[in-house]
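Trainee: Next comes the sequence, and after it the predicted model I'd like to discuss.
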Amino acid sequence: MLKLSAPQQKTLKSLHIITSGLWLSSVLLLALLPLVPIDEASGEGIYTYRLIFHFIDTYVLTAAAVLTLLTGLIYSMLTKWGFFRSGWLVYKWIVTLGLVLVGTFYLGPLSARLLEIAAEERLSALRDPAYTTGDAVLAAAALINTILLALAVLFSVFKPWNRKAEK
């Protein structure tokens, strides 16, 4: 089986760390964005808030998540770590795949829909149940994703459930 050389592994690991850090930073920004005061007296503030949220979600977070998934896949296939060697790796795969799938098929489209509502309704969006419910879902998802990704980083460092430690 093809294996990466030590410099190739370090390069790939560096890219994986950078992209996963960007992914975690993006979800943290989305979790903190509701704390930024917006001008709710006009619909422009609501639309601008939703536009910023959607931009981070679509162009920064999505790219970082996909690159994290791809670098992790290559790293697992071409190094000794594999996919299921240790419990902490299994956790990372479950979280990564779960978040990418939920983000792609539910949260991303929801974010796009809320942007459409904000663009059309402006100030009235705050009285639209689809908007307010969706906004709450995205805020909760950002917080949950931040926690899950932060745990993945911690598990990568401390490596609990490591098969070597069990021997």
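Mentor: Cool, the structure landed. None of these values were measured; they are calculated from a predicted model.
Trainee: pLDDT of the longest helix belonging to the chain, averaged?
Mentor: With secondary structure taken from DSSP state H, the chain has its longest helix at helix 129-158. Mean pLDDT, helix 129-158: 97.
Trainee: Please apply the same query to stretch 4-11.
Mentor: 95.
Trainee: hmm, back to that, and the longest helix of the chain, how far out from the chain's middle?
Mentor: The chain centre lies 8 Å from the centre of helix 129-158; the measure is Cα atoms, centre = their mean, to the nearest Å.
Trainee: Start at 192, not 1
Mentor: Taking 192 as the first residue, the last one we looked at is helix 320-349.
Trainee: For it, enumerate the helices and strands it packs against.
Mentor: Helices and strands touching helix 320-349, by 3 or more Cβ pairs under 8 Å, 6 or more residues apart in numbering; DSSP states H and E, are helix 197-223, helix 278-293, helix 299-312. Every C-beta, even on glycine, is put in place using the N, C-alpha and C of the backbone.
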